[in-house]
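**Student:** Just to be clear, the model below is a prediction. Sequence and coordinates:
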Amino acid sequence: MIRWSLLILVTVGLTVGADALGIPSAALFVALLVAVIFALAGWAPTTGTERAPLPRRLGMVAQAVLGVEIGTLVQQDTLSSLGDAWLPVLLACVGTLVLSIAAGALLGLRKDIDSLTGALALVAGGASGLVAIAQELGGDERVVAVVQYLRVVLVTTTLPLVATLVFRAQPGQSTMLADSGAPLYVDLAFVLVCGGVGMLLALALRFPAPALLGPLIVATCADLLGFSFDASVPTLLLWAAYIVIGWQAGLRFTVASLKSISRVLPSALLLIIAVTVGCAMLGLWLASATGTSGYEGYLATTPGGVYAVLAIAASTGANVTFVVAAQVIRVFMMLFAVPMGAKVVQHYRRGRPE
C-alpha cells in the first residue's frame with residue numbers, strides 16, 4: 001500500500017505540473033515515465049516477491065473511458081461540412097495508413113522488434129488507444145508506448161514552427177465547435193452507459209479490443225443521432241484512464257527491455273520523420289483536390305497531436321471544421337483498421353503449419 005500510495009502521489013503531482021506546462025497527453029506521458037522509474041528502481045508495487053500487474057478489469061475500464069472520449073470528438077455538423085471533399089479526405093487517410101504500415105514493416109525488420117509491434121508503434125493515429133490495446137493484440141506495449149509518444153511529441157513541437165516558418169500563419173479568428181457542456185451527473189451517466197453497453201456489445205460480436213472499440217462505436221452513434229446531451233468525459237476521469245494506461249506499460253519495464261528499446265529509437269525517429277513528411281505531401285495533394293489552402297491541408301493530415309492541431313487551427317484562422325473532420329476520420333480509421341488487421345494476422349499465424 002505504501003508503494004501504491006507513493007506511485008499515485010508522484011504521478012498525480014507531476015501530471016498537474018506537466019499539464020500546466022502544456023505538455024501533450026500529460027497524464028499518459030507522466031504515468032509512463034513515473035512507472036518506468038519505479039520499475040527500474042525496484043519501487044514498483046509488489047505482491048509478495050512478484051511485481052503486481054494492474055488488474056485486467058481496471059485496464060478495460062480505462063480503455064472504455066478512452067473509447068467514449070474519442071467517440072465524443074464526432075459531431076454531425078463537422079462531418080457534414082466536408083461536402084464533396086469526402087473522397088479526397090478518405091484517400092488521404094488511407095494514404096496515411098499505408099505510410100504507417102510501411103514504416104512499421106521496416107521497423108519490424110529489426111531482429112529485436114516483431115512486425116506487429118512495429119506496425120502498432122508507427123501507426124499515425126490514436127496513440128493512447130493503441131498503447132492501451134497493444135498487449136491485447138499481441139504487441140510489446142513498452143515499445144509501442146515509447147515510439148508512439150515520441151511521434152506525438154515530435155509532431156506537436158514542430159507544428160508551430162512549420163505553421164509559422166513554412167506557411168507564414170498569423171493569429172486570426174476562427175470558430176470552434178460550441179460545446180455548451182452538461183452537468184457532471186449527465187457526463188458520468190453518458191460514460192457509464194456508452195462504456196457498459198459498448199463493451200458488452202463488442203464482446204458479444206467478438207470484436208478485437210472490445211473495451212475500446214465498443215464504447216467508441218456507441219458514443220459515436222449517440223453523438224451522431226443527437227442522444228449525447230452535450231455530454232463529455234470529465235477531465236479527472238480521463239486523466240485517471242490515461243494514468244492507468246501509462247502504468248500498464250511502464251510497470252513492465254526492466255533494465256534489459258530499456259536497453260533494447262533505446263537501440264530502436266534512432267530507427268524509429270527516422271521512420272517517424274519519413275511518415276510526417278509523407279503526410280505533409282498528402283496534405284498538399286488534399287489541398288489541391290479540395291480547393292483548400294496548403295496550410296489547411298497540412299493541418300488536416302498531420303499524423304498526431306489532434307488537440308494541438310485543433311488549437312493551432314483555431315488560433316490562426318484556419319478552417320477548423322475541415323481540419324476537425326479530417327483528423328477525426330484519420331483517428332477512427334487507424335483505431336479500427338489496426339485491431340482488425342492484427343486479428344487477421346494472428347489468425348493467419350495460428351493457421352500456418354509449423
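**Tutor:** Structure received. Not measured: the values here are computed from a predicted model.
**Student:** do you know how far the nearest residue to residue 114 once chain neighbours are set aside is from residue 128?
**Tutor:** Of all residues not flanking residue 114 in the chain, residue 108 sits nearest, at 6.1 Å (C-beta to C-beta, 6 or more residues apart in numbering). (Glycine included, C-beta is placed from N, CA and C.) To residue 128, residue 108 is 22 Å away according to C-beta to C-beta, to the nearest Å.
**Student:** And these two? Which one has more around it.
**Tutor:** residue 128 (25 against 17; other C-beta atoms under 10 Å).
**Student:** Nearest residue to that one in space, please, no chain neighbours.
**Tutor:** residue 28 (5.5 Å).
**Student:** Go through the strand or helix carrying that neighbour and flag the buried ones.
**Tutor:** Here residue 28 sits within helix 26-41, counting by DSSP states H and E. Neighbour counts using 16 or more other C-beta atoms under 10 Å place 26-36, 38-39 of helix 26-41 among the buried residues.
**Student:** Of those residues, which is the nearest to residue 313?
**Tutor:** Of all the buried residues of helix 26-41, residue 313 sits closest to residue 26, with 20.9 Å by C-beta to C-beta.
**Student:** hang on, that closest one packs against residue 18?
**Tutor:** Yes - counting by C-beta atoms under 8 Å, residue 26 touches residue 18, with 3.9 Å between them.
**Student:** Report the buried residues of stretch 76-92.
**Tutor:** Buried residues in stretch 76-92, defined by neighbour count with 16+ other C-beta under 10 Å: 78, 79, 82, 85, 88, 89, 92.
**Student:** what ranges do the helices span in the stretch 151-300 of the chain?
**Tutor:** Ranges of helices in the stretch 151-300 of the chain, per DSSP state H, counting those that start in this stretch, are 184-204, 210-224, 235-250, 255-290, 294-301.
**Student:** can you tell me which residues contact residue 228?
**Tutor:** Contacts for residue 228 (C-beta atoms under 8 Å, 6 or more residues apart in numbering) come out as 72, 190, 219, 222.
**Student:** Who wins on neighbours among the residues you listed?
**Tutor:** In the contacts of residue 228, the most neighbours by other C-beta under 10 Å go to residue 219, 30 neighbours.
**Student:** hmm, back to that, now the buried residues of stretch 76-92 in TSV, with pLDDT?
**Tutor:** Shown next, in TSV, are those (pLDDT from 0 to 100):
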residue	pLDDT
78	65
79	70
82	74
85	84
88	92
89	90
92	92
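**Student:** Next one: residue 156 from residue 199, what distance?
**Tutor:** Distance from residue 156 to residue 199, by C-beta to C-beta: 31 Å.
**Student:** again with residue 243
**Tutor:** Counting by C-beta to C-beta - residue 243 and residue 199 are separated by 20 Å.
**Student:** quick revisit: the residue nearest to residue 114 is in contact with residue 122, isn't it?
**Tutor:** No - counting by C-beta under 8 Å, residue 108 stays clear of residue 122, with 9.3 Å between them.
**Student:** Now stretch 234-242: average pLDDT?
**Tutor:** Averaging pLDDT along stretch 234-242 yields 91.
**Student:** Which residues outside it are in contact with it?
**Tutor:** So stretch 234-242 is contacted by 15, 25, 27-28, 31, 61-63, 65-66, 69, 128, 184, 187-188, 191 (C-beta under 8 Å, 6+ apart).
**Student:** and if we set it to 6 Å?
**Tutor:** Residues outside stretch 234-242 that contact it (C-beta atoms under 6 Å, 6 or more residues apart in numbering) are 27, 28, 62, 65, 66, 69, 187.
**Student:** Just list the residues touching the fifth one, thanks.
**Tutor:** Spelled out, that is residue 66. Contact analysis of residue 66 by C-beta under 6 Å, 6+ apart lists 128, 129, 241.
**Student:** what's the answer for the first one, then?
**Tutor:** Residues touching residue 27, when contacts are defined by C-beta under 6 Å, 6+ apart, comprise 15, 239, 242, 243.
**Student:** who wins for neighbours among the residues you listed?
**Tutor:** Most surrounded of the contacts of residue 27: other C-beta under 10 Å gives residue 242, at 26 neighbours.
**Student:** That residue and residue 22: what is the separation?
**Tutor:** 16 Å.
**Student:** what do you get for residue 269?
**Tutor:** Distance, residue 269 to residue 22, by C-beta to C-beta: 22 Å.
**Student:** Those two: which is more packed in?
**Tutor:** Neighbour count, other C-beta under 10 Å: between residue 269 and residue 22, residue 269 has more, with 14 against 10.
**Student:** Perfect, I'm done here.
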